[in-house]
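K.L.:
Please work out how this folds:
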Amino acid sequence: MNYQFNFGVVWDNWPLLLSGLALGLGLAVVSILIGCVIGLVGAFAATSRSRIARGLASGYVTLFRNLPLLIILLFLFFAMPKAGIRFDKSTSFVISLSIYAGAYLVEVFRAGLLAVPKGLSEAGMAIGLTPMQIRRSITFPLMLRNALPALGNNFISLFKDTSLAAAIAVPELTFYARKINTESFRVIETWMVTSLLYVATCYAIAFLLRRVEARVRTG
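P.N.:
Down below sits the predicted model:
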């Protein structure tokens, strides 16, 4: 192989890659927070006694879990302006990723709710707690503990999905890597360093989440 490695261009653009990485993390954090709100509402709807609420939750999950994230993003960014609804690039991506994440988190939280023993809710009612107090003091903390491992895995997956933001020119890590590659033609070096940044970040996130899980279990 006659290819000569030269990482100089990549190191010269190191601040750009780090800024793109930071933006990707920010997009993932905001999206999972919004997705958690959607997921919680959907999970309580999916486990409610109302047939309409269960139907709406099921329809939402079925629709968005079976659509690729890229299709949701392109529809929101390119098609919705035709209807007079416009968002900037970053907002479009956060909305798309949040809707996509929410569909998965509905099932994560629903499973967590179903894993809470019914006897605990009955005990709360026996001591005079209202349904809202039971959800806030008993159901929600236990559900969150049950759902935490899956929630962490979803966050890592969402962080990796932020690479799709490059499709609409959001300046995250993949966008800058593609820009450096196009300008310098250092294909192997650029994508090698970018891949290592993704791997290292995902590993760090997983490590921190495992520590959180361990503390929650201990608590």
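K.L.:
ok, K82 - how many residues close by?
P.N.:
A total of 8 residues lie near K82 under the criterion other C-beta atoms under 10 Å. In this view, the C-beta of every residue, glycine as well, is placed from N, C-alpha and C.
K.L.:
for G39, same thing?
P.N.:
28.
K.L.:
can you pull the pLDDT of it?
P.N.:
Looking at G39, its pLDDT is 93.
K.L.:
Go ahead and confirm it touches F109.
P.N.:
Yes - using C-beta atoms under 8 Å, G39 makes contact with F109 at a distance of 5.0 Å.
K.L.:
The one residue sitting closest to the centre of the chain: what's its closest spatial neighbour, skipping adjacent residues?
P.N.:
Nearest to the mean C-alpha position of the chain, counting by C-alpha atoms, centre = their mean, stands L158 at 3.6 Å. Distance criterion C-beta to C-beta, 6 or more residues apart in numbering; nearest residue to L158, sequence neighbours excluded, is A28 at 4.8 Å.
K.L.:
I'd like to know how many residues surround S157.
P.N.:
Neighbours of S157 using other C-beta under 10 Å come to 14.
K.L.:
three-state assignment of I138?
P.N.:
helix (DSSP: H, G, I helix; E, B strand; the rest coil).
K.L.:
how much space between it and V106?
P.N.:
21 Å (C-beta to C-beta, to the nearest Å).
K.L.:
do the same with T162
P.N.:
21 Å.
K.L.:
Now do the strand or helix carrying N154: everything it contacts.
P.N.:
Counting by DSSP states H and E, the element that carries N154 is helix 140-161. With contacts defined as C-beta atoms under 8 Å, 6 or more residues apart in numbering, helix 140-161 is touched by 24-25, 28, 31-32, 35-36, 69, 97, 100-101, 104-105, 108-109, 111-113, 115-116, 120, 198, 201-202, 205-206, 209-210, 212-213, 216-217.
K.L.:
In stretch 140-156, which residues are buried?
P.N.:
140, 142-143, 145-148, 150-152, 154-156 (16 or more other C-beta atoms under 10 Å).
K.L.:
quick one: what helix or strand has L23 in it?
P.N.:
Judged by DSSP H and E, L23 forms part of helix 14-46.
K.L.:
what angle sits between that helix and helix 140-161?
P.N.:
Following axes from the mean of the first three to the mean of the last three C-alpha atoms, to 10 degrees, one obtains 140 degrees for the angle between helix 14-46 and helix 140-161.
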